[in-house]
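**Student:** Generate coordinates for the sequence data below:
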Amino acid sequence: MMVRIISKGVHSSMPLTYKQYQDEVTQDIANVLKLASCQPILFVGSGFAKRYAQGPNWSELLTLLAKDCPLIDKDFAYYEQTYNKDYAKIGTIFTDAYREWAWGKGKGKFPADFFDGQYKSDIFIKHAVSEHLKNLGPKKGSYGTAAMDAEIEALKKISAHSVITTNYDTLVESIFPQYERVIGQQILRKPYLAIGEVFKIHGCVTDAQSIVINGADYARFEEDHKYLSAKLLTYFVEHPLIFIGYRADDPNIKKILYDVDKMVRMDHKGDYDLVPNIYILERDETIGELSYPARDKGITVAKDTNVRIKSISASSFEWVYKAFGQAGNLEKIDTKLLRSLMARSVELVRSSIPKKHVEIDFKTLEHAVNSGEEFAKLFGVTSLSDPSQVNLSYKYLLSGVATALGLKKGWNDAQKLLTILKENDDFDMKASDNKYHISIPSSRTNVIHRYTEAAVDLLRKVQSGEPYVIDRQEVKVDDAAKGVAA
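**Tutor:** Residues are numbered from 1 along each chain as shown. Just a heads-up that it's a prediction; the model follows:
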């Protein structure tokens with residue numbers, strides 16, 4: 001590919017190279033990570049298991065299931081042709097065949113307790129799925145080749161905030177062993193979302209009944225989808241997000257982007273319709289030194305609704321994982337402890353306080369809710385050496401500030417207000433710890449930026465053009481308190 005560069009009246013033609021593409025993509029990722037000030041989220045599909053463990057995709061898995069069940073008496077291609085590759089429909093037909101086989105000549109192939117009535121009739125095919133995938137993972141510590149092993153090592157160093165996957169296997173958990181596995185509807189029942197979790201939204205081989213494989217399963221999943229989206233949507237808008245192991249036309253990607261589009265309401269034209277923090281990584285073995293793949297991709301997510309996300313094409317994924325690893329790692333962060341702290345906080349608010357296990361000064365409460373700056377004193381906290389005050393006072397991420405201000409494009413618009421303060425008043429709110437903002441270390445090279453009600457009040461005045469006074473006094477916050485508050 002050739003491009004004509006015009007600079008200061010000088011015309012020249014020069015080739016765009018893949019090295020230049022890598023450098024530009026890496027810099028773009030660095031900019032997004034810096035602006036977001038949080039760890040990325042990985043969204044992992046079947047292509048991931050195929051790349052690192054030779055796992056089957058959906059049609060290949062159904063082919064294996066067809067070969068195992070003697071009542072499925074036609075080649076898999078017949079079912080693909082007859083049902084127009086509607087794999088959920090094919091899964092329903094195979095579910096019925098497995099049930100009939102299990103209650104007949106195949107009874108000895110399944111655990112005895114499957115036949116006592118406590119299980120649904122689709123347990124037999126789901127058990128077969130689990131048997132095929134339960135040992136999927138690295139062999140003797142290797143993912144197949146030295147190059148694949150290097151990719152996985154780079155992937156681990158991303159220290160993802162969370163991993164979301166539609167895969168049933170446990171490959172992801174083997175790569176991130178400290179992460180908590182959350183399966184299927186457990187996500188909906190979970191009172192909070194923390195850091196270091198693997199969300200298995202289509203089920204897991206460790207709980208065969210949770211697997212989504214047939215039409216009835218997908219109908220239930222669609223019913224739950226709106227609640228699932230409500231749980232996860234803040235993640236998608238606030239964090240850098242990378243899809244790995246999916247095609248751009250995958251229904252799972254389309255659903256997520258449709259929800260993101262509705263929330264962010266990207267009603268501008270031109271460059272504004274590009275979702276700035278979402279990437280899709282796709283494999284392309286044809287890439288050469290003079291390749292310069294497209295940097296973004298338009299996806300039709302619904303009738304008359306198109307969304308553009310950032311696209312990354314690579315034959316080796318190592319450099320891509322390293323680029324996302326620029327956010328720093330969580331080696332010194334005990335994610336299990338963080339989850340426990342959050343669980344206790346939720347228990348305090350939802351259970352201990354309502355049941356009067358904790359005494360509350362309601363006069364303080366009444367006064368606090370009428371004053372953003374007083375809200376930090378809700379529980380009588382007065383010292384910033386106390387980590388609980390840090391959490392109560394600096395309660396917003398930038399996306400939360402944007403929500404409080406009613407900004408349509410989320411943290412991007414909130415960042416623009418911060419930029420106005422910096423340019424017009426020479427006040428860089430994020431440059432210090434102050435009454436509006438605090439930076440909390442989350443790794444060796446990265447911080448989490450948190451904001452107070454006072455920041456919301458100030459930015460609301462900037463937003464509306466009202467006069468305002470900036471309190472530039474810095475606040476001293478104990479490092480230990482920051483560490484716990486993180």
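
**Student:** How about the contacts made by residue 106?
**Tutor:** 69-70, 98, 124 (C-beta atoms under 8 Å, 6 or more residues apart in numbering). Where you see a C-beta, it was placed from the backbone N, CA and C, and this is true even at glycine.

**Student:** err, residue 124, not the other one
**Tutor:** 95, 98-99, 101-102, 106, 110, 114.

**Student:** Residue 54 now?
**Tutor:** Each residue near residue 54 by C-beta under 8 Å, 6+ apart is listed here: residue 144.

**Student:** Please list the members of the contacts of residue 124 that lie in helices.
**Tutor:** Among these, the members falling in helices (DSSP state H) are 95, 98-99, 101-102.

**Student:** Select only the buried ones of the residues you listed in ChimeraX?
**Tutor:** Here is the ChimeraX command that selects the buried residues among the ones in helices among the contacts of residue 124 (16 or more other C-beta atoms under 10 Å):
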select :95,98,99,101,102
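
**Student:** how about the helices in the stretch 1-150 of the chain?
**Tutor:** Using DSSP state H, counting those that start in this stretch, the helices of the stretch 1-150 of the chain run over residues 18-36, 46-53, 58-68, 76-82, 87-102, 123-133, 146-156.

**Student:** Ok, which of these comes nearest residue 440?
**Tutor:** helix 18-36 (14.4 Å; C-beta to C-beta).

**Student:** quick one, domains of this structure?
**Tutor:** The record assigns the chain these domain ranges, following automatic domain parsing: 18-54+137-327, 58-133, 359-485.

**Student:** rewinding a little: could the contacts of residue 106 go into JSON lines alongside pLDDT and distance to residue 166?
**Tutor:** JSON lines is the format used below for those (pLDDT from 0 to 100; distance: C-beta to C-beta, whole Å):
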{"residue": "69", "pLDDT": "97", "distance to residue 166": "24"}
{"residue": "70", "pLDDT": "96", "distance to residue 166": "29"}
{"residue": "98", "pLDDT": "98", "distance to residue 166": "21"}
{"residue": "124", "pLDDT": "97", "distance to residue 166": "22"}
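
**Student:** got any ranges where the protein has weak pLDDT?
**Tutor:** Residue ranges of the chain with pLDDT under 70: 1-13, 190-194, 263-272, 328-389, 442-446, 476-486.

**Student:** and which of the ones in helices among the contacts of residue 124 is nearest residue 46?
**Tutor:** For these, the nearest to residue 46 is residue 95 (19.5 Å; C-beta to C-beta).

**Student:** do you know how far the most centrally placed residue in the chain is from residue 198?
**Tutor:** Central residue of the chain (C-alpha atoms, centre = their mean): residue 41, 3.6 Å from the mean position. Residue 41 sits 11 Å away from residue 198, going by C-beta to C-beta, to the nearest Å.

**Student:** now residue 81
**Tutor:** 36 Å.

**Student:** Which of the two has more residues huddled nearby?
**Tutor:** residue 198 (22 against 11; other C-beta atoms under 10 Å).

**Student:** and the lengthiest helix in the chain, what does it pack onto?
**Tutor:** Identified as the longest helix of the chain according to DSSP H is helix 215-238. Packing partners of helix 215-238 (3 or more C-beta pairs under 8 Å, 6 or more residues apart in numbering; DSSP states H and E): helix 87-102, helix 186-189, helix 251-264, helix 398-405.

**Student:** how about that helix: buried residues?
**Tutor:** 215, 217-218, 221, 228-229, 232-238.

**Student:** re the thing from before, double-check the residue nearest to the centre of the chain against residue 162; I have them as touching.
**Tutor:** Yes - contact criterion C-beta atoms under 8 Å: residue 41 and residue 162 qualify, at 5.4 Å.

**Student:** Now list whatever residues contact both of the two.
**Tutor:** With C-beta under 8 Å, 6+ apart as the test, residue 41 and residue 162 both reach residue 235.

**Student:** and residue 426, how many neighbours does it have?
**Tutor:** Residue neighbour count, defined by other C-beta under 10 Å, stands at 9 for residue 426.

**Student:** And for residue 132?
**Tutor:** So residue 132, with other C-beta under 10 Å, has 18 neighbours.

**Student:** Thought residue 63 was touching it, still the case?
**Tutor:** No - taking contacts as C-beta under 8 Å, residue 132 lies outside contact range of residue 63: 10.8 Å.

**Student:** Quick check: neighbours shared by those two?
**Tutor:** residue 56.

**Student:** Might one say that residue 234 is in contact with residue 402?
**Tutor:** No - the pair residue 234 / residue 402 is not scored as a contact, 10.8 Å apart, by C-beta under 8 Å.

**Student:** export the buried residues of helix 215-238 to a markdown table and tack on distance to residue 186?
**Tutor:** Shown next, in a markdown table, are the buried residues of helix 215-238 (distance: C-beta to C-beta, whole Å):
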| residue | distance to residue 186 |
| --- | --- |
| 215 | 23 |
| 217 | 16 |
| 218 | 18 |
| 221 | 14 |
| 228 | 11 |
| 229 | 16 |
| 232 | 13 |
| 233 | 18 |
| 234 | 18 |
| 235 | 16 |
| 236 | 19 |
| 237 | 23 |
| 238 | 22 |
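
**Student:** Among those, which one lies nearest to residue 206?
**Tutor:** residue 217 (16.8 Å).

**Student:** Compute the distance between the closest one and residue 411, please.
**Tutor:** Taken as C-beta to C-beta, the span from residue 217 to residue 411 is 35 Å.

**Student:** Next: residue 281.
**Tutor:** Residue 281 is 23 Å from residue 411, by C-beta to C-beta.

**Student:** what about the two, which has more around it?
**Tutor:** Legend: neighbour count by other C-beta under 10 Å for residue 281 and residue 411, higher for residue 411 (25 against 21).

**Student:** quick one: contacts for that one?
**Tutor:** Counted by C-beta under 8 Å, 6+ apart, residue 411 has contacts 35-36, 237-238, 397-399, 401-402.

**Student:** now residue 280
**Tutor:** Here residue 280 is in contact with 242-243, 246, 248, 253, 297, 309-312 (C-beta under 8 Å, 6+ apart).

**Student:** Do a quick rundown of the helices in the stretch 251-400 of the chain.
**Tutor:** Going by DSSP H, counting those that start in this stretch, the stretch 251-400 of the chain shows helices at 251-264, 318-324, 335-347, 362-368, 387-393, 398-405.

**Student:** Residues that sit against both of residue 41 and residue 198, list them.
**Tutor:** 162-164.

**Student:** my guess is residue 447 meets residue 441, correct?
**Tutor:** Yes - shown here, residue 447 and residue 441 form a contact pair, counting by C-beta under 8 Å, at 5.7 Å.

**Student:** Can you flag the buried ones in the contacts of residue 411?
**Tutor:** Buried among those (16+ other C-beta under 10 Å): 36, 237-238, 397-399, 401-402.

**Student:** Take these and write them to TSV, including distance to residue 139.
**Tutor:** Output for those, formatted as TSV (distance: C-beta to C-beta, whole Å):
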residue	distance to residue 139
36	36
237	39
238	37
397	41
398	43
399	41
401	48
402	46
